[in-house]
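A.B. asks: compute the structure for the input listed below.
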Amino acid sequence: MPPYGHGDSPVKENTVFKRFLLVALALPMIACNREPVEAKDRHTVHRENEPSSNGSVNSLPIQVEPATSMSSGLDNAQSQATPVTKTPFPDIPRSRDNLDLESDPFGATSEAEKKWLDAHGFPNARQWETYTIASDYLLEQAANSGDRVARTMLDARRLPDDPEAKTRLFSAGAEGDIFALNSLAAYMAGSKDGNLQVGYSISRVAEMRGDARVAMARDVMMPRRLTDLEKMQAEADAIRMNNQLDRIYQDKYGSPPPHPIRRPVIELEN
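C.D. replies: Below you'll find the predicted structure:
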């Protein structure tokens, strides 16, 4: 980032620092009920992607064939969100319209960024404060009324107990739900049942698909830095995961996915 002029430097630097903290603090909270990684386990996080006897590494978050089971996971995630009930939260807005920037839990800096966050599945301030303390039953009702934010937050809660929750969250990324990818990345990076390297990879997928701000919080989200070898493998896995999401979209709609829209972050543009 280029240096600012002397006159407005303190103001802009304070704004950048404030927004960074907002994102860094919000990301670990995404996956509700996740357990912190104990200090003694930080260098021995469970590895789903240990090299096999032939030296290959498979670090996809769910071990399934992309053209079959993953597509089914996407269909399943969407079918669960089909409106069949009334929402238990009729007064909670589903967009950031008429909500101020200062209260945004994901650090929106402009009207354009507010629209990007809405389009990519991020909770607004009212949803965040309400859904984080709502019961699973109420979130299920909201999800069945067509509220995809409620669906994602419910699936994030279910990650420790529901094997299909990973599939649903990862598959939602094919439809542009970056919040779902960030939720899964936070859980994988911070849970004792997760995988630090996979968490890094999924956060890189979110970045590839438009979330320019996630890189600012990645190191804070992770309990330790990856080794050079782990990072190299994670970067390669991120490319495979990103391609996998493109194939899921292609298989479902018969056409290539739309080009990712980059998150319009003012501090990164200046």
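
A.B. asks: show me what the mean pLDDT comes to for the strand or helix carrying residue 167.
C.D. replies: Assigned by DSSP states H and E, residue 167 belongs to helix 163-172. Helix 163-172 carries an average pLDDT of 95.

A.B. asks: what helix or strand does the closest residue to residue 206 other than its chain neighbours sit in?
C.D. replies: Take residue 206 and drop its neighbours on the chain: the residue closest to it by Cβ to Cβ, 6 or more residues apart in numbering is residue 181, 4.3 Å away. For every residue, glycine as well, the C-beta is placed using N, CA and C. Taking DSSP H and E as the definition, residue 181 sits inside helix 178-190.

A.B. asks: likewise residue 85?
C.D. replies: In this structure, residue 85 is located outside every helix and strand according to DSSP H and E.

A.B. asks: how about residue 236?
C.D. replies: Using DSSP H and E, residue 236 maps to helix 228-253.

A.B. asks: repeat that for residue 89.
C.D. replies: Using DSSP H and E, no helix or strand contains residue 89.

A.B. asks: mind checking the backbone torsions on the closest residue in space to it that isn't next to it in sequence?
C.D. replies: Distances taken as Cβ to Cβ, 6+ apart put residue 142 closest to residue 89, at 5.7 Å, once the chain neighbours are dropped. The phi/psi pair for residue 142 (degrees, to the nearest 10) reads phi -60, psi -40.

A.B. asks: still on that earlier bit, so which bits of the helix holding residue 236 are buried?
C.D. replies: Buried residues in helix 228-253, counted by 16 or more other Cβ atoms under 10 Å: 230, 233-234, 237-238, 241-242, 244-245, 247-249, 252.

A.B. asks: and for stretch 193-202?
C.D. replies: 194, 195, 196, 197, 198, 199, 200, 201, 202.

A.B. asks: I'd guessed residue 191 sits against residue 160; true?
C.D. replies: Yes. Here residue 191 lies in contact with residue 160, judged by Cβ atoms under 8 Å, at a distance of 7.1 Å.

A.B. asks: separation between the closest residue to residue 209 other than its chain neighbours and residue 86?
C.D. replies: Distance criterion Cβ to Cβ, 6+ apart; nearest residue to residue 209, sequence neighbours excluded, is residue 260 at 4.7 Å. Remark: distance between residue 260 and residue 86 (Cβ to Cβ, to the nearest Å) = 34 Å.

A.B. asks: and what of residue 122?
C.D. replies: 24 Å.

A.B. asks: got the angle for the helix holding residue 181 vs helix 228-253?
C.D. replies: 150 degrees (axes from the mean of the first three to the mean of the last three Cα atoms, to 10 degrees).

A.B. asks: quick revisit: of residue 260 and residue 86, which one has the most company?
C.D. replies: residue 260 (15 against 11; other Cβ atoms under 10 Å).

A.B. asks: so the more buried one versus residue 123, what's the distance?
C.D. replies: Residue 260 is 21 Å from residue 123, by Cβ to Cβ.

A.B. asks: can you check residue 181 too?
C.D. replies: Applying Cβ to Cβ to residue 181 and residue 123 gives a distance of 14 Å.

A.B. asks: with neighbour numbers in mind, choose between those two.
C.D. replies: Shown here are residue 181 and residue 123; by other Cβ under 10 Å, residue 181 has more neighbours (31 against 27).

A.B. asks: now do the contacts for that one.
C.D. replies: 169, 170, 172, 173, 202, 203, 205, 206, 209 (Cβ atoms under 8 Å, 6 or more residues apart in numbering).

A.B. asks: just to revisit the earlier point, dump the helix holding residue 181 to PDB, restricted to CA.
C.D. replies: C-alpha atoms of helix 178-190 as PDB (Å, rounded to 0.1, in the frame of the first residue of the first chain):
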ATOM      1  CA  ILE A 178     -17.900 -16.300   0.400                       C
ATOM      2  CA  PHE A 179     -19.200 -16.100   4.000                       C
ATOM      3  CA  ALA A 180     -19.700 -19.900   3.900                       C
ATOM      4  CA  LEU A 181     -16.100 -20.400   2.700                       C
ATOM      5  CA  ASN A 182     -14.800 -18.100   5.500                       C
ATOM      6  CA  SER A 183     -16.900 -20.000   8.000                       C
ATOM      7  CA  LEU A 184     -15.400 -23.300   7.000                       C
ATOM      8  CA  ALA A 185     -11.900 -21.900   6.800                       C
ATOM      9  CA  ALA A 186     -12.200 -20.400  10.300                       C
ATOM     10  CA  TYR A 187     -13.400 -23.800  11.700                       C
ATOM     11  CA  MET A 188     -10.700 -25.800   9.900                       C
ATOM     12  CA  ALA A 189      -8.000 -23.400  11.100                       C
ATOM     13  CA  GLY A 190      -9.100 -23.200  14.700                       C
END
